[in-house]
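> Predicted model and sequence below, questions to follow.
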Amino acid sequence: MEPLRVYIGWDSREDIAYRVARHSLLKHATIPVEVHPIKLQEMVDRGLYTRDIDPLATTEFTYSRFLVPHLAGYKGWAIFVDCDFLFFGDVAELRDYMDPTKAVMCVQHDYRPKETTKMDGVPQTAYPRKNWSSFMLFNCEHPSTRTLTPEVVNRESGAYLHRMQWARDDEIGALPTGWNWLEGWYDKPATGYPQAVHHTRGGPWFAECQDVDYAEEWLAAAAEVRASDGEA
């Protein structure tokens, strides 16, 4: 079986968030998985990313996430996920949603943020299909997905990329809400856990976000990461 390729956005301000997302994903996976960080400077050094700095970009991977199909060689399926996720589900389940007629699969939120600011005081903005691109299951071989060349990723607007205007509406498939469960927006399930908790408002790695849902579980995972890496 070919490993499932997962690309996690990496931000220099949130390295521990990336490490916890990677750790929790691998911990629950029952199939081979390859995890790759998307580090902006590496993309720049490789000549894949040439966009000017966008003052509205929340993270270092705001746009570079759309390089995933290129990084995967436009072959098979690949996942992109933000670093501020905590996994409780098995990514093997996502194989059931790999519809070859779709260019991309995602949780199709109807999300209208209540906060006015995001991480580090960046203004919160509302736009159609908000948070759809924070967890994407790419069909890298699909003709529409293959249009996401580095040239297009560097040239097109944020709206074009994040609202998935590079694919027809009927080429965007739906994943269950649990795979991108927005903390503070969705109600906690009566039993069990969502497959993937998204701390989109800020996670427990920030001092001011210690009381968010699933903070205890995130902190426990962070302790496991630090212990395995030999950190005090």
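It's in. Numbering: from 1, shown residues only.
> Figure out the helix or strand that T30 lives in.
Counting by DSSP states H and E, T30 is held by no secondary-structure element, helix or strand.
> The chain should start at 18 in everything you say after this.
Fine by me, first position is 18 from now on; the one you just mentioned is T47.
> Who are the contact partners of it?
Residues in contact with T47 (C-beta atoms under 8 Å, 6 or more residues apart in numbering) are 107, 109. All C-beta spots, glycine's among them, are computed from the backbone N, C-alpha and C.
> again, only this time at 10 Å
Taking C-beta atoms under 10 Å, 6 or more residues apart in numbering, we find T47 in contact with 107-110.
> Now A238: which helix or strand?
Using DSSP H and E, A238 sits in helix 232-245.
> So what touches that helix?
With C-beta under 10 Å, 6+ apart as the criterion, helix 232-245 contacts 33-41, 44, 101-105, 200, 210, 214, 216, 220-222, 226-227, 229, 231, 248-249.
> mind redoing it with 7 Å?
33, 36-37, 40-41, 103, 220-221 (C-beta atoms under 7 Å, 6 or more residues apart in numbering).
> pLDDT (mean, whole number) over that helix?
Average pLDDT, helix 232-245: 96.
> what's the answer for stretch 43-53, then?
98.
> Next: stretch 150-160.
On average, the pLDDT along stretch 150-160 is 98.
> That stretch: which residues count as buried?
Using 16 or more other C-beta atoms under 10 Å as the test for burial, stretch 150-160 gives 150-159.
> Any idea how far it is from the middle of the chain?
The chain centre lies 11 Å from the centre of stretch 150-160; the measure is C-alpha atoms, centre = their mean, to the nearest Å.
> Run through who's touching it.
So stretch 150-160 is contacted by 82, 85-86, 89, 91-99, 111, 114, 117, 119-124, 162, 179, 192, 196-197, 213, 215 (C-beta under 7 Å, 6+ apart).
> and the residue nearest to Q182 when sequence neighbours are not counted, helix, strand or coil?
Leaving aside its sequence neighbours, Q182 sits nearest to A176 (C-beta to C-beta, 6 or more residues apart in numbering; 7.1 Å). For A176, the assignment made with DSSP: H, G, I helix; E, B strand; the rest coil gives helix.
> Number of residues surrounding A176?
A176 has 11 neighbours, counted by other C-beta atoms under 10 Å.
> Quick one: the helices in this structure, in order.
Listed in chain order, the helices of the chain (DSSP state H) span 32-45, 57-62, 85-88, 167-172, 175-179, 232-245.
> so what's the residue nearest the centre of the chain bridging to?
Centroid-nearest residue in the chain: V98, 1.9 Å away (criterion: C-alpha atoms, centre = their mean). V98 forms beta bridges with I25, F152, as assigned by DSSP bridges.
> what sits against Y114?
Taking C-beta under 7 Å, 6+ apart, we find Y114 in contact with 122, 154, 190, 192.
> Pull up the gap between it and Y203, please.
Distance, Y114 to Y203, by C-beta to C-beta, to the nearest Å: 19 Å.
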